[in-house]
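Q: take this sequence and fold it.
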Amino acid sequence: MKRPCIPGDREAEVSTFVPLLDTEQVQRLPAGAREVVEYRKSGLSLNHIQGCPLDCAYCIRHTYGLWDQRQPRALMPDAEAWSG
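A: Predicted coordinates:
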């Protein structure tokens, strides 16, 4: 039986380093991209990482004007986003 992934459970977590944006870089993001928790029709969305190399036409980042943000960057560490 597979164990559930619980934040802080080191045996169950898989982690990939995502560089943090500095304060100035975060301030340059559009306001919508700086919102860490967003309410959607289907529930809450945790958006503390911005950017993706896939460039899908339907991607939510296009609504924020982040067309060129292809390298994922974090607004804050994971633990801070979860506790926020």
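
Q: low-scoring stretches of the chain, by residue?
A: 1-15, 84 (pLDDT under 70).

Q: over to the spatially most central residue of the chain: give its phi and psi.
A: Centroid-nearest residue in the chain, with C-alpha atoms, centre = their mean: Ile49, separated by 2.1 Å. Note on Ile49: its backbone torsions stand at phi -120, psi 130 [degrees, to the nearest 10].

Q: ok, it - contacts?
A: Val18, Pro72, Arg73, Ala74, Leu75 (C-beta atoms under 8 Å, 6 or more residues apart in numbering). Heads up, the C-betas are built off the backbone N, CA and C, glycines and all.

Q: gap between the first one and Arg61?
A: Right, the one you point to is Val18. 15 Å (C-beta to C-beta, to the nearest Å).

Q: of the two, who's got more company?
A: Arg61 (20 against 16; other C-beta atoms under 10 Å).

Q: quick one, phi/psi of the more buried one?
A: Dihedral angles (degrees, to the nearest 10) for Arg61: phi -60, psi -20.

Q: just give the nearest non-adjacent residue to it, would you?
A: Gln69 (6.3 Å; C-beta to C-beta, 6 or more residues apart in numbering).

Q: helix or strand for the one you found, which one?
A: Here Gln69 is covered by no helix or strand, with elements defined by DSSP states H and E.

Q: correct me, but it touches His62?
A: No: the pair formed by Gln69 and His62 falls short of the contact definition of C-beta atoms under 8 Å, at 10.3 Å.

Q: these two - which one has more neighbours?
A: Relative neighbour count places Gln69 above the other of Gln69 and His62, with 16 against 12, counting by other C-beta under 10 Å.

Q: residues in contact with the more buried one?
A: Gln69 neighbours (C-beta under 8 Å, 6+ apart): Gln50, Gly51, Cys52, Arg61.

Q: name the residues of stretch 39-49 that come out as buried.
A: Under the neighbour-count criterion of 16 or more other C-beta atoms under 10 Å, stretch 39-49 has Asn47, His48, Ile49 buried.

Q: what secondary structure does His62 sit in?
A: helix (DSSP: H, G, I helix; E, B strand; the rest coil).
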